[in-house]
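Visitor: What would the 3D arrangement of this be:
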Amino acid sequence: MNILVTGGAGYIGSHTTVALIESGYNVIIADNLSNSSISTKKNLETITNQELTFYNIDVADNNALENVFSNHHIEGVIHFAGYKSVSESVEKPLYYYNNNLISTLTLLNVCEKFSVNKFVFSSSATVYGDNKPPLTEKMLLSPTKNPYGETKVMCERMLSDIAKSKEHFSVAILRYFNPVGAHESGLIGEAPNGIPNNLMPFVSQVAKGKHKKLNIFGDDYQTLDGTGVRDYIHVVDLAIGHVAALDNLTNGVHYYNLGTGRGTSVLELVKAFERANDVEVPYDLMDRRPGDIAECYADVSKAEKELGWTAKRDIIEMCRDAWRFEKKHHI
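Guide: Numbering: from 1, shown residues only. From the prediction side, this is the model:
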């Protein structure tokens with residue numbers, strides 16, 4: 001089966017590409033490299049031992065996207081392409097609404113034109129907002145005043161409406177939590193362009209000496225140590241979850257949390273990173289950031305029951321793999 005992976009050179013997309021190929025799928029990647037590197041293609045080919053089909057296009061470009069569908073018999077799509085920083089979305093809301101919504105709309109229109117009815121969407125736990133954890137798929141959505149979360153909710157609603165209107169449209173909406181870690185080879189991992197917006201790559205870069213200190217935003221939350229609590233999941237486990245969703249896809253719209261079901265505070269993660277890798281990560285405690293919440297972790301029982309999927313890797317393995325990638329690939 002030919003699967004189009006949009007954003008396939010990105011962090012989660014690249015790991016999912018590996019998992020798909022290991023499961024026997026043929027992958028076509030579309031990525032405009034706005035937050036990734038073309039070197040990822042070569043590294044993916046080394047890991048999978050095969051040549052990959054890659055299109056350097058913007059998924060919001062209808063003509064370029066139609067060209068991909070014309071050249072290949074696409075049978076399913078996994079849609080990662082989109083901007084993903086909560087804090088950046090607060091600063092640049094139009095940037096996020098324009099990119100995340102139009103790319104999804106364009107992709108759906110092309111899927112309809114070419115009769116592609118299998119669709120896996122990269123959503124986020126951000127859609128749950130201030131709901132109290134553990135978060136379940138049945139909760140009402142209430143993104144916490146940030147455009148990133150709003151775009152995910154809007155895309156989810158679009159997909160749900162399409163699934164209701166088209167009898168044979170099958171969509172899995174994957175709400176995942178905080179992906180960290182890297183492939184065991186050290187060849188692919190989280191390598192954002194510019195200063196990282198996510199915690200783990202910043203921790204790794206501080207340990208490497210690229211930044212003097214880590215800024216921890218908020219130490220007065222109602223948590224065990226005052227810092228924010230998140231459900232960190234190894235990116236390889238997350239990638240396998242996407243394959244499980246595709247393998248088990250049936251008509252209609254299906255929602256799944258992909259996480260570990262356990263919360264870890266920012267300080268706990270920093271200490272685990274230091275312990276796992278025998279390094280020091282200096283940090284400063286700062287004021288809270290707009291759009292952040294105190295704690296967020298998943299109820300993952302639905303994915304376990306319906307997809308037969310659970311996260312296997314622990315926080316120490318996540319930290320070791322992230323550091324291996326950082327040492328191997330960043331100056």
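
Visitor: Surely residue 215 is in contact with residue 287, unless I've mixed up the numbering?
Guide: No. Look at residue 215 against residue 287 with CB atoms under 8 Å: they stay out of range, at 9.8 Å. Just so you know, the C-beta spots here come from the backbone N, C-alpha and C atoms, and that holds for glycine as well.

Visitor: Looking at the two now, which is surrounded by more residues?
Guide: Just comparing residue 215 and residue 287: by other CB atoms under 10 Å the higher neighbour count belongs to residue 215, 13 against 10.

Visitor: Identify the residues contacting that one.
Guide: For residue 215, the contact set (CB atoms under 8 Å, 6 or more residues apart in numbering) comprises 283, 284, 286.

Visitor: What's opposite it in the beta bridge?
Guide: According to DSSP bridges, the residues that bridge with residue 215 are residue 284.

Visitor: Just the buried subset of the contacts of residue 215, please.
Guide: Buried by 16 or more other CB atoms under 10 Å: residue 283, out of those.

Visitor: Would you tell me which one of the contacts of residue 215 comes nearest to residue 167?
Guide: Among those, residue 286 lies closest to residue 167 (CB to CB), at 51.4 Å.

Visitor: From residue 2, how far out is that closest one?
Guide: As judged by CB to CB, to the nearest Å, residue 286 and residue 2 stand 46 Å apart.

Visitor: do residue 178 as well
Guide: Noted for residue 178: a distance of 31 Å to residue 2, by CB to CB.

Visitor: would you list the contacts of residue 215 in a markdown table and tack on distance to residue 83 and pLDDT?
Guide: What follows is those, written out as a markdown table (distance: CB to CB, whole Å; pLDDT from 0 to 100):
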| residue | distance to residue 83 | pLDDT |
| --- | --- | --- |
| 283 | 26 | 98 |
| 284 | 27 | 97 |
| 286 | 23 | 96 |
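
Visitor: What is the nearest of the contacts of residue 215 to residue 221?
Guide: Within the contacts of residue 215, proximity to residue 221 (CB to CB) peaks at residue 286, which comes in at 12.8 Å.
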